[in-house]
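S.K.: Provided below are the primary sequence and the corresponding predicted coordinates.
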Amino acid sequence: MTRWVCFNHGKESGPWGSKIQALAEVARARGYQVISPDYQGMDTVGERLEKLQRELPAEYDELVLVGSSMGAYVAAARCALQAPDGLFLLAPAVFMPGYESDGLAPCAENILVIHGWQDEIVPVDNAIRWCRRHGLPLLLLDSDHRLMSVLDTICSQFDQFLERIGKPCCN
């Protein structure tokens, strides 16, 4: 069984930042292979979506998309092509200039959105509005946009999220 987690970093970060490294460790412990495309220098969602499509494995039994900020928007937008098994979104850049969110309808068997109450980049009200519109589970934590002060909580939530997906690993 081929199980993948694909990380999608934010506009101002890189493919293997601290948050992605910590979450990748959680994924590997659960038997997933991980990838994290490098979107540095790509300022449009379209460019990032094209790169994501090229870098995703051609065949897999299970796919979980993880994204932070602009990367969360990209992961949710990717659902329009094919629903992943899981969608784990951190501080998604919804209802922001240049990120048309009215038609952005995430679909996956399992979804969790995490956002910081003190987010200075993407207002928390944007996440609440988007999650309410689509009936998505939303966990609000006392942190800023980067969510680094609650990284342990995020890793724990991610571990539980992967466990809920529930497809047994055949190693």
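M.R.: That came in fine, so what should we check first?
S.K.: remind me which residues of this protein are low pLDDT?
M.R.: Across the chain, the ranges flagged by pLDDT under 70 are 167-171.
S.K.: Where do the strands of it begin and end?
M.R.: 3-8, 33-35, 62-68, 86-90, 110-116, 138-141 (DSSP state E).
S.K.: Please tabulate those in a markdown table, including the columns distance to Leu104 and mean neighbour count.
M.R.: (C-beta placed from N, C-alpha, C; glycine too.) Shown next, in a markdown table, are those (distance: least, Cβ to Cβ, whole Å; neighbours: other Cβ atoms under 10 Å):
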| stretch | distance to Leu104 | mean neighbour count |
| --- | --- | --- |
| strand 3-8 | 14 | 25 |
| strand 33-35 | 23 | 16 |
| strand 62-68 | 12 | 26 |
| strand 86-90 | 11 | 27 |
| strand 110-116 | 12 | 23 |
| strand 138-141 | 15 | 16 |
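S.K.: Of all those strands, which one is nearest Asn126?
M.R.: Evaluated over those, closeness to Asn126 peaks at strand 110-116, with 8.5 Å, by Cβ to Cβ.
S.K.: about what we covered before: dump the strands of the chain to CSV, plus distance to Val74.
M.R.: CSV is the format used below for the strands of the chain (distance: least, Cβ to Cβ, whole Å):
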stretch, distance to Val74
strand 3-8, 5
strand 33-35, 14
strand 62-68, 6
strand 86-90, 10
strand 110-116, 14
strand 138-141, 19
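S.K.: how about the helices in the protein?
M.R.: Remark: helices assigned in the chain by DSSP state H are 18-29, 45-55, 70-78, 124-134, 151-165.
S.K.: Can you say which of these is nearest to Glu62?
M.R.: helix 151-165 (6.9 Å).
S.K.: okay, the helices of the chain, which one's buried deepest?
M.R.: Using mean count of other Cβ atoms under 10 Å, the stretch among those with the largest mean neighbour count is helix 70-78, at a mean of 28.
S.K.: Could you measure from Pro106 over to Phe88?
M.R.: Per Cβ to Cβ, to the nearest Å, Pro106 is found 11 Å from Phe88.
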